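Asks: Need a 3D model of the sequence below.
(2 chains)
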Amino acid sequence: MKFVKWALAAAMTMGLGLPAQAEAPFKAAWIYVGPVSDHGYSFQHDQGRKAVEAALGAKVKTTFVESVPEGADAERVLTQLARDGNKVIFSTSFGFMNATLKVARAFPDVKFEHATGYKRAANVSTFSARFYEGRAVLGTIAGKMTKSGVVGYIASIPIPEVVRGIDAFTLALRKVRPDAKVKVIYVNSWYDPGKEAAAAKALIDQGADVLAQHTDSAAPVQTAEERGVWCFGQSSDMTRFAPHHLLTGIIENWDQYDVAEVKAAMNGTWKSHDTWGGLASGMVKLSPYNPAMPKDVVAAAEKTRQDIIAGKLNPFAGPIYDQSGKLVVPAGKSLTDAQLLGLRFYVQGVEGNLPK
Amino acid sequence: MDHLTAILISVLLAAAPLLFAALGELVAEKSGVLNLGVEGMMLVGAVCGFAVTAQSGHAALGILAAALAGMALSTLFALLTLVLLANQVATGLALTLFGVGLSALVGKPYVGTPLQKLPDLPLPLLSHLPLLGPLLFDRDPLIYLAALLTLAVGWLLARTRAGLVVRAVGENPEAAHALGYPVRLIRLACILFGGAMAGLGGAYLSLAYTPMWAEDMTAGRGWIALALVVFSTWRPGRLLLGALLFGAFTIAQLHAQALGLAVPPEFLAMLPYLATVLVLVLISRDAARIRLNAPAAIGRTFHPDH
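Replies: You can find the predicted model right below:
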């Protein structure tokens, strides 16, 4: 059956496809690990696809496949998309990495864009965002807003990406409020609303009056709203879950990147490369500030944001002390990208031990 | 509200959805039916409860809808296992898979929609009691319902004729049939009750615990409910204890992390499950006890003509 379909498709391309090729739209495809309705990670990647459609109109034809499990299924979907004549394929989950590289070897003419991975090939680019830059802005705001000096942080799993966020947040927080502490709870899942809510309650019960999160559900901000403490959103705009107490949040924005890459592929200027964009490139954005935020807090947040964009401020510039008080990065130096990618220590101000 | 009360309240709320679902499953299992579809029925209950509440603006309607939705899904299970005599284990597993997909489909338009939390309903006089008042009598209506149903199920199963008949059907359906009891009708009633309770457990999550709909939001609680039934050796009193214990471990591990205790979070996350296994081992040492309580005909299909 499959062979028949394939043969038919091949015959169609050879026999009927050629005359129309001059006007045929350029085909690009996206595959997502979650449903596009998740209002989080996959939703934001799909916004990128829509941006490509908006920018290039009838010149492109986009396709997407959602909720693709990582592993063998991903390979099958990627192969199918490549066979269908897509010239650029955005493979948007870390777990698609090996499948992407394998399929890319079989289709050297197709360009692959893999999000958050680290393996590249002649026709595989990687891209990711420096979310920690956004978290530095959140830390600045938290430092201004906390009264108790205790900030709660609901984390998913102890990997460098998450630790980087905690450290950037804490460093910025303690620049504003040197005695502030960050209490971290790992819920061991990216997504468990019940557990995230319970973690938020535990942190509030232990004196936290500002909550940050690195998990995907809106349960923590909902709990913060209920208990009347400040909070930050994650992945997409969560304002409607905490209209009074959500200060701002990090939003992923792939629109410009996706459009640029598709354009490059159309013009033949596409090259395999690694992109790690932050606030300056627009890959990381902040959701609108809460109108209840005092003017000086908005000003401090904006200054941090603008300084990072202008390259005047590096969130990981020294002096950085670790939890034991040891100087890890002296003044005048900062952590390199390679060090950031493998970051495995907490900075001073984070409570508890980093699980090894 | 002091720190301890706050923690105890968190424990109580974490236990509630488990208690609902497990109580329903306990009754079904007492009648000799093992329904592994709890997780699926919870999810369908959660999404229907949420959708109806969001559309109508009445939480009471949502709660009713959740119970009915859970019941509707369990009807499918009843049809397959009671009428078509399908294997209960396989049917239950299929029911969970079906429920996961169905709830995601139904819930699509509701992802990312906020909802007013089910309001707390302080009971007059009782809520002013020291310590116990704020802990037990200043909660949302579903908590009271869970407590009442636990008492009711305990009493019904142990002290009434109806309970005796249900147990007889679960112990020896052939004998119950010979005595003239409608075995399949009784099992149907117990399955439906189980479905309604799982639906309520799901509704507790989507209406009170974290008032939102999110795909797969039960995150495995249906399976924990199933384990709790065995843990309780089919006794509602112990079931309540087990649900609270499980809630306590869950909450305690979060607090331990926030206090900065040097224990890996993976280990702490494992604790509630470890505790369940431990208690199961402890109880199992007394095999006679388990056998005394476990329904002898559990998981076996029954047809009067066979």
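Asks: Single out the residue in the stretch 51-200 of chain B that lies closest to chain A.
Replies: Nearest to chain A in the stretch 51-200 of chain B, going by C-beta to the nearest C-beta, is residue B:112, at a distance of 3.9 Å. Heads up, the C-betas are built off the backbone N, CA and C, glycines and all.
Asks: And the next helix or strand past the helix or strand where residue B:5 lies?
Replies: Residue B:5 belongs to helix B:3-30 when assigned by DSSP states H and E. Remark: after helix B:3-30, the chain's next helix or strand is helix B:38-56, criterion DSSP H and E.
Asks: show me the contacts for residue A:315.
Replies: With contact set as C-beta atoms under 8 Å, 6 or more residues apart in numbering or on different chains, residue A:315 has these partners: A:132-133, A:135-136, A:168, A:171-172, A:308.
Asks: Out of those residues, who's the most crowded?
Replies: residue A:136 (30 neighbours; other C-beta atoms under 10 Å in any protein chain shown).
Asks: hang on, the earlier thing: where's the closest residue to the residue of the stretch 51-200 of chain B closest to chain A other than its chain neighbours relative to residue A:246, distance?
Replies: What sits nearest to residue B:112 in space, not counting adjacent residues and going by C-beta to C-beta, 6 or more residues apart in numbering or on different chains, is residue A:39, at 3.9 Å. Noted for residue A:39: a distance of 14 Å to residue A:246, by C-beta to C-beta, to the nearest Å.
Asks: Looking at the two, which one has more neighbours?
Replies: residue A:246 (27 against 22).
Asks: What values do phi and psi take at the more buried one?
Replies: Residue A:246 adopts backbone torsions of phi -80, psi 120, taken as degrees, to the nearest 10.
Asks: And the one 3 residues further on, by the same measure?
Replies: As for residue A:249, its main-chain torsions (degrees, to the nearest 10) stand at phi -160, psi 170.
Asks: And the closest residue in space to it that isn't next to it in sequence, how close does it get to residue A:294?
Replies: In space, and not counting its chain neighbours, residue A:249 is closest to residue A:233: 2.6 Å by C-beta to C-beta, 6+ apart. Per C-beta to C-beta, residue A:233 is found 19 Å from residue A:294.
Asks: more crowded one of those two?
Replies: Of the pair residue A:233 and residue A:294, residue A:233 is the one with more neighbours under other C-beta under 10 Å, namely 24 against 10.
Asks: Quick check: the gap between the more buried one and chain B.
Replies: For residue A:233, the distance to chain B equals 12 Å [C-beta to the nearest C-beta, to the nearest Å].
Asks: was I right about that residue contacting residue A:243?
Replies: No. The pair residue A:233 and residue A:243 fails to qualify as a contact (C-beta atoms under 8 Å) at a distance of 11.6 Å.
Asks: And stretch A:100-110, what's buried?
Replies: Buried residues in stretch A:100-110, counted by 16 or more other C-beta atoms under 10 Å in any protein chain shown: A:100-101, A:103-104, A:107, A:110.
Asks: Kindly report the same for stretch B:196-215.
Replies: Across stretch B:196-215, burial judged by 16+ other C-beta under 10 Å covers B:196-215.
Asks: Stretch A:172-191 too?
Replies: Using 16+ other C-beta under 10 Å as the test for burial, stretch A:172-191 gives A:172-177, A:180-191.
Asks: circling back to that earlier point, wait, which of the buried residues of stretch A:100-110 is closest to residue B:138?
Replies: Closest approach between these and residue B:138, by C-beta to C-beta: residue A:100, at 53.6 Å.
Asks: Quick one: residues contacting the nearest residue in space to the closest one that is not next to it in sequence.
Replies: Spatial nearest neighbour of residue A:100, excluding adjacent residues (C-beta to C-beta, 6+ apart): residue A:91 at 4.4 Å. Residues near residue A:91 by C-beta under 8 Å, 6+ apart: A:31, A:74, A:78, A:99-100, A:112-115.
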